[in-house]
Every structure is written in structure tokens, then in C-alpha cells.
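Asker: take a look and give me a structure for this.
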Amino acid sequence: MTEPKMEIMPDASALVEQIQRHEGWNPVYRRSLEELFRSSAFLAALREVLVQSDETLKNIGMTDLTDELAIKKGLRAQGIVQGLTQAVELICELATTPETKLEEKKND
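Answerer: Here you go, the predicted model:
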């Protein structure tokens, strides 16, 4: 009897490279993206991003404000957290904005 084939997934860095090489956003993708919001896995992944962002913010709150290096690291981390939150918000906006409004925004 043959062994079942294991699905081989690329590592995270390969997925990031794949994303970077992909074409830019096209308003016709909105419906497909909207469909992803019906997926528990997708919602859980976005929630994980937000939870980790919140955890990082809590850690920033415990930064030693007398140490210049700690302050710089805290500010950098705060920027990363803001970027992650904005990314989730952008995904939500792309999924809920009608194609015509996205095209108008693009042409402005």
C-alpha cells in the first residue's frame, strides 16, 4: 500500500516573496476577498495579527523610559504595531468597498 502524500507547503519567507512578486490590487478581487471573510481560518489569522499587536503594545507600555535604547526600540515596535493594525484595516476596507469606489480612489 502506498503512503499518503504529504502536502509540501513553502516556508513563510517563500510565501512573502510570492506575495511581493504578485501583481497589485485589482478591484475585481474584492468579491474573492469578501469570500475569505467567511473562512474561520482567515478570520483567525487576522485576529492573531491583532492579538499579537495588542500584546506588543502592552510590552511597549512597560518600556524603561530612562533608557534611550529602550525608548528607540519601543518607538520602532509601536510603528510596527500600527502598521499591522493598518494592514488588517486595509484588508477589511478592500473587502467591503465596492469596485467602483476603489477605482475612483485609484484615479484621484
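
Asker: only C-alpha atoms from now on, for both contacts and neighbour counts.
Answerer: Noted.

Asker: the helix or strand hosting Arg76: how far from the chain's middle?
Answerer: Per DSSP states H and E: Arg76 is located in helix 68-96. Remark: helix 68-96 is offset 10 Å from the chain centroid, using CA atoms, centre = their mean, to the nearest Å.

Asker: what residues sit buried inside it?
Answerer: By neighbour count on 16 or more other CA atoms under 10 Å, the buried set for helix 68-96 is 74, 77-78, 81, 84-85, 94-95.

Asker: now, among the residues you listed, which is nearest to Asn26?
Answerer: Leu94 (9.8 Å; CA to CA).

Asker: so what's the nearest residue to that closest one once chain neighbours are set aside up against?
Answerer: Excluding its sequence neighbours, the residue lying closest to Leu94 (CA to CA, 6 or more residues apart in numbering) is Arg30, at 6.3 Å. Counting by CA atoms under 8 Å, 6 or more residues apart in numbering, Arg30 touches 94-99.

Asker: for Arg30, give its distance to Glu93.
Answerer: In this view, Arg30 and Glu93 are 10 Å apart by CA to CA, to the nearest Å.

Asker: over to Ala12?
Answerer: 25 Å.

Asker: what mean pLDDT does the helix or strand hosting Thr56 get?
Answerer: Element membership of Thr56 [criterion: DSSP H and E] is helix 40-61. Helix 40-61 carries an average pLDDT of 94.
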